[in-house]
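Participant: Build me a structure from this.
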Amino acid sequence: MTINLPIDPELAGLLQTFDRPVPDTARELIVLELYRQGRISSGKAAEMLAMDRVAFIQHASHLGIPFFDMTDEEWSAEVEQARKL
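Facilitator: Reported below is the predicted structural model:
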């Protein structure tokens with residue numbers, strides 16, 4: 001599916017600074033944000049960007065998007081469970 005999305009010149013200029021075609025950059029940013037919000041899985045995001053899952057997780061991590069998104073309480077529970085093993 002193709003969607004024509006009007007983009008103001010300032011935003012288009014910013015997207016061009018990625019040294020890639022603007023549609024590719026926009027697609028990646030949209031997919032990364034959907035993943036960051038938890039609306040899609042890392043596997044789905046990787047598929048949408050034609051990457052393998054590990055490469056996507058590493059790429060997102062380099063951009064500051066964590067693979068694990070746990071509260072302190074959830075992390076403590078995981079650590080406690082691991083110690084019991």
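Participant: The closest residue to Ala46 other than its chain neighbours sits in which helix or strand?
Facilitator: In this structure, Ala46 finds its nearest non-sequential neighbour in Phe56, 3.7 Å apart by CB to CB, 6 or more residues apart in numbering. Every C-beta, even on glycine, is put in place using the N, C-alpha and C of the backbone. Assigned by DSSP states H and E, Phe56 falls within helix 53-62.
Participant: Helix, strand or coil: sort out the residue nearest to the spatial centre of the chain for me.
Facilitator: When CA atoms, centre = their mean is applied to the chain, the residue found nearest the centroid is Leu32 (2.6 Å). State at Leu32, reduced to three classes by DSSP: H, G, I helix; E, B strand; the rest coil: helix.
Participant: now the helices: where do they sit in this structure?
Facilitator: 9-16, 22-36, 42-48, 53-62, 72-84 (DSSP state H).
Participant: Looking at the ones you listed, which is nearest to Thr2?
Facilitator: In terms of CB to CB, the element of these nearest to Thr2 is helix 22-36, at 9.2 Å.
Participant: The closest one to helix 9-16, inter-axis angle?
Facilitator: Interaxial angle, helix 22-36 versus helix 9-16 (axes from the mean of the first three to the mean of the last three CA atoms, to 10 degrees): 80 degrees.
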